[in-house]
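Q: Give the three-dimensional model of this entry:
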Amino acid sequence: MANISTNNARLTVKFENYGAIVIDNFDPDSDIWAPSDRQTADGEVTPDGAFNYWAINAPIEATLTVSGASTAARRLRTISDAHTRRGDTQSVVEKATVIIELNGETTTYYDGVMTSTKPGAHLGNQKLQSQTFNFKFGGVK
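A: Numbering: from 1, shown residues only. Now for the predicted structure:
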């Protein structure tokens, strides 16, 4: 039987000007990395019964979830804050790549951006809550 555990997964987020961030403290109660379904095609039936179909250039969307104890989360929030325009300062959007290594296989999400996250730690009932980081990518290999 194949090893289907993610206990030995290694996830690295790379940004052009910030370098690599190895993700620490995955949340044990949430999905670590969750790509969304991507619509790549659609179709319609015309009034005369013909079926038209076409491809869609949709981005790949995914969510990274880490525990409240993650030091990588602080670095990712700093990068997210740099995206925001404040007064006369210019926003800087960093190109992102996410590399997932699991059971000898590597999956790379490339040509992407981190789109959203909370601006600070989520203070929950007696503990720091998990934090999510949302991404969009142009491709995966």
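Q: got the buried residues for the lengthiest strand in the chain?
A: Across the chain, the longest stretch assigned as strand under DSSP state E is strand 105-117. Residues 109-110, 112-115, 117 are the ones in strand 105-117 that count as buried (16 or more other CB atoms under 10 Å). The way it works is simple: take the backbone N, C-alpha and C, and place the C-beta from them, glycine included.
Q: mind listing what the closest residue to residue 96 other than its chain neighbours touches?
A: Once flanking residues are discounted, residue 96 sits nearest to residue 112: 4.5 Å by CB to CB, 6 or more residues apart in numbering. Listed by CB atoms under 8 Å, 6 or more residues apart in numbering, the contact partners of residue 112 are 59-60, 95-98, 135-138.
Q: gap between residue 112 and residue 133?
A: Remark: distance between residue 112 and residue 133 (CB to CB, to the nearest Å) = 11 Å.
Q: can you check residue 114 too?
A: For residue 114 relative to residue 133 (CB to CB), the value is 6 Å.
Q: Name the residues contacting each of the two.
A: With CB under 8 Å, 6+ apart, residue 114 and residue 133 have common neighbours 76, 80.
Q: What is the least confident helix or strand in this structure?
A: Within the chain, confidence by mean pLDDT, DSSP states H and E is lowest for helix 71-83 among all helices and strands, at a mean of 89.
Q: And the residue nearest to residue 96, how close does it get to residue 15?
A: 10 Å.
Q: Mutual contacts of the two, please.
A: In contact with both residue 112 and residue 15: 95-97, using CB under 8 Å, 6+ apart.
Q: May I see the ChimeraX selection of the buried members of these?
A: Restricted to buried positions by 16+ other CB under 10 Å, the ChimeraX selection for the shared contacts of residue 112 and residue 15 reads:
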select :96,97
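Q: Which element, helix or strand, includes the residue lying farthest from the centre of the chain?
A: For the chain, the residue at maximal distance from the C-alpha centroid (CA atoms, centre = their mean) is residue 48, at 42.8 Å. Counting by DSSP states H and E, no helix or strand carries residue 48.
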